[in-house]
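Visitor: Below are the sequence and a predicted model; questions follow.
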Amino acid sequence: MVFDIGDASATLVSATPGAGWSMQVWKTESWIRVEFTSGADKVSVFCTWHDGPPHVDIGTY
């Protein structure tokens, strides 16, 4: 996954799920969420900039 991260915003350049994984993307004016799913496994990648410079958080559930 590649984000183009600027001083005050970001864009998703590319994201490709691995074999056996699917992907869904949500975008707003202040964040991007990419979720990868394989069976019961999920990985979410959030890039947010609503409260300052863009930053990325990764969570599994």
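Guide: Structure's in. What do you need?

Visitor: residue ranges of the strands in the chain, please?
Guide: When assigned using DSSP state E, the strands of the chain occupy the ranges 2-5, 10-14, 22-27, 31-38, 41-48, 55-60.

Visitor: ok, and what's touching the second one?
Guide: Pointing back at strand 10-14 there. By CB atoms under 8 Å, 6 or more residues apart in numbering, the surrounding residues in contact with strand 10-14 are 1-4, 25, 27, 32, 34, 47, 49, 54. Every residue, glycine included, has its C-beta placed from N, CA and C.

Visitor: partners of that strand, with directions?
Guide: strand 2-5 (antiparallel) (DSSP bridges).

Visitor: sorry, back to before: just the closest of the contacts of strand 10-14 to Gly18, please.
Guide: Met1 (11.0 Å; CB to CB).

Visitor: Let me know the pLDDT of the residue nearest to that closest one when sequence neighbours are not counted.
Guide: Nearest residue to Met1, sequence neighbours excluded (CB to CB, 6 or more residues apart in numbering): Ala15, at 4.2 Å. For Ala15, the pLDDT comes out at 98.
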